[in-house]
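**Q** Predicted structure and sequence below. I'll ask about it afterward.
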Amino acid sequence: MLSALSRFDRRRAVRAGTVLAVVLGLLSWWLWPARDEGAPNGSLTFSTGVPSGVYQRYGERLEGALAKDMPEVAIQLRTSEGSQQNLARVATGEADFTIATADAVATYLRDGRPGAQRLRGCVRLYDDYVQLVVPRDSDVRTVSDLRGKRVGVGQEGSGVRLVADRLLAAAGLDPADDITPVPVGIDTMPVRLTHGRLDAFFWSGGLPTAAVQELSRSFEVRLVPMEAELVAKLQSATGPTRFYRSAMMPADAYPEAQQGQAVPTVAVANLLVTTDRTDAAVTEAFTRTVINSRDRIGREVHAAQLVDLRTAIYTDPLDVHDGAKDYYRSVKP
């Protein structure tokens with residue numbers, strides 16, 4: 001009798017324990033925050049630029065903002081030589097998003113390079129300004145004075161290389177024969193200049209670019225102006241050069257180098273680029289983060305402050321991605 005009761009008590013205890021476990025499991029499921037099945041997830045690769053350039057610094061800050069806004073998405077940053085390499089990576093599926101200048105995009109499209117027709121725009125970001133940097137005591141006063149000089153022209157896959165070659169040609173110089181072109185990026189050009197291994201270098205980037213700013217504080221340099229006639233000649237060419245415009249570098253961009261003087265130059269817009277392969281929901285979320293993080297990132301990367309919702313949708317020469325269109329519709333007054 002005692003044995004039967006004991007077995008009964010044990011069975012009852014087991015059933016009660018099972019019921020309790022089920023109840024606790026259901027309660028845990030109910031209270032635990034549900035994962036939004038519609039939220040973007042997976043992994044994305046963002047191709048940036050040279051380590052000390054604005055693209056990379058912007059990408060590093062944007063990565064943090066994306067981690068908060070898209071917690072289910074793992075973001076990988078990849079440094080690059082610049083706009084041309086960035087576009088090739090995205091167009092061929094090696095990366096999902098990137099930044100590139102409008103003239104580089106137009107060149108990629110014009111040349112019919114692999115995957116060109118799949119490229120789509122998300123955001124018009126900030127403008128790059130062409131910066132021709134020389135030692136302060138240099139005899140170079142115009143682009144045409146670079147004849148016979150050792151000139152940093154940017155890496156082969158960079159947007160700097162495109163605009164440097166075009167400016168040199170507009171000034172009547174053959175980029176291959178009339179100068180000694182040195183195909184290096186902003187990560188090494190300042191050191192080469194200070195050590196006398198370069199006479200000048202071209203850079204195209206947001207203002208201020210940290211590498212140029214640091215150089216101007218430790219070594220006496222000047223910024224060579226792009227005279228109006230040169231810019232007009234550059235703009236008169238057909239095709240991608242229509243994306244260049246005359247601009248002024250404000251006097252406070254590099255105070256030590258400019259000594260209170262604004263410098264006339266050439267500017268070109270940067271675009272956030274993806275392809276039609278990228279999911280619309282992911283692109284919408286990515287675009288939203290870029291716009292919403294403007295002020296936060298802009299405190300560290302000044303160029304980011306210039307992202308403007310009113311002009312962000314103008315991604316010429318690229319069509320706007322459907323996901324980015326969804327975002328712009330959602331914030332339309």
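**A** Sure thing, it's come through.

**Q** so how many other residues sit close to Ser330?
**A** Residues lying near Ser330 (other Cβ atoms under 10 Å) number 10. Using the backbone N, CA and C atoms, a C-beta is placed for each residue, glycine as well.

**Q** An error on my part: the question was meant for Ser43.
**A** When neighbours are counted by other Cβ under 10 Å, Ser43 registers 10.

**Q** Surely Pro71 is in a strand?
**A** No: secondary structure of Pro71 (DSSP: H, G, I helix; E, B strand; the rest coil): coil, not part of a strand.

**Q** Quick one: residues contacting the closest residue to it other than its chain neighbours.
**A** The shortest distance from Pro71 to any non-neighbouring residue, by Cβ to Cβ, 6 or more residues apart in numbering, is to Ala39 (8.0 Å). Counting by Cβ atoms under 8 Å, 6 or more residues apart in numbering, Ala39 touches 70-72.

**Q** try 10 Å
**A** 69-73, 281-282, 285 (Cβ atoms under 10 Å, 6 or more residues apart in numbering).

**Q** Drop the exposed ones from those and show what's left.
**A** 69-70, 73, 282, 285 (16 or more other Cβ atoms under 10 Å).

**Q** And the furthest pair within the contacts of Ala39?
**A** Pairwise distances across the contacts of Ala39 peak at 14.4 Å for Pro71 and Ala281 (criterion: Cβ to Cβ).

**Q** hmm, back to that, and the contacts of Ala39, which is closest to Ser138?
**A** For the contacts of Ala39, the nearest to Ser138 is Asp69 (46.3 Å; Cβ to Cβ).

**Q** Now do stretch 317-333: distance from first to last residue.
**A** End-to-end span of stretch 317-333 (Cα to Cα, to the nearest Å): 26 Å.

**Q** buried ones in that stretch?
**A** 317-318, 320-321, 323-328.

**Q** ok, which pair from those residues is furthest apart?
**A** Pro317 and Asp326 (21.5 Å).

**Q** Three-state assignment for Ala304, please.
**A** Per three-state DSSP, Ala304 ends up helix.

**Q** Was I right to think it contacts Thr289?
**A** No: counting by Cβ atoms under 10 Å, Ala304 does not reach Thr289; the two are 12.0 Å apart.

**Q** between the two, what contacts are shared?
**A** With Cβ under 10 Å, 6+ apart, Ala304 and Thr289 have common neighbours 62, 297.

**Q** neighbours of the nearest residue to Arg110 once chain neighbours are set aside, just the number please.
**A** Once flanking residues are discounted, Arg110 sits nearest to Gly239: 5.7 Å by Cβ to Cβ, 6+ apart. By the criterion of other Cβ under 10 Å, Gly239 has 11 neighbours.

**Q** can you check Asp111 too?
**A** 9.

**Q** so who does it touch?
**A** So Asp111 contacts Pro240 (Cβ under 10 Å, 6+ apart).

**Q** Quick check: closest non-adjacent residue to Asp199.
**A** Counting by Cβ to Cβ, 6+ apart, the residue nearest Asp199 is Lys149, at 4.0 Å.

**Q** ok, that neighbour touching Phe202?
**A** No: assessed by Cβ under 10 Å, Lys149 is found out of contact with Phe202, at 11.5 Å.

**Q** Could you check which of these two has the larger neighbour count?
**A** Phe202 (26 against 17).

**Q** next SSE after the helix or strand containing that one?
**A** Using DSSP states H and E, Phe202 sits in strand 200-205. With elements assigned by DSSP H and E, the helix or strand that comes after strand 200-205 is helix 210-218.

**Q** same for that next one, what does it pack against?
**A** Secondary-structure packing of helix 210-218 (3 or more Cβ pairs under 10 Å, 6 or more residues apart in numbering; DSSP states H and E): helix 54-69, strand 119-135, helix 189-194, strand 200-205, strand 221-223, helix 255-258.

**Q** Output it as CSV, nothing but the C-alphas.
**A** C-alpha atoms of helix 210-218 as CSV (Å, rounded to 0.1, in the frame of the first residue of the first chain):
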residue,chain,number,x,y,z
ALA,A,210,42.6,64.6,-41.7
ALA,A,211,45.8,63.6,-43.5
VAL,A,212,46.1,67.0,-45.2
GLN,A,213,45.1,68.8,-42.0
GLU,A,214,47.8,67.0,-40.0
LEU,A,215,50.4,67.7,-42.7
SER,A,216,49.6,71.4,-42.7
ARG,A,217,50.1,71.6,-38.9
SER,A,218,53.5,70.0,-39.0
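
**Q** What are the buried residues along it?
**A** 210-213, 215-216.

**Q** Quick one: mean pLDDT for that helix?
**A** Helix 210-218 shows a mean pLDDT of 96.

**Q** just the angle between that helix and strand 119-135, please?
**A** 10 degrees (axes from the mean of the first three to the mean of the last three Cα atoms, to 10 degrees).

**Q** got the angle between helix 210-218 and strand 200-205?
**A** Going by the same axes, to 10 degrees, helix 210-218 makes 130 degrees with strand 200-205.
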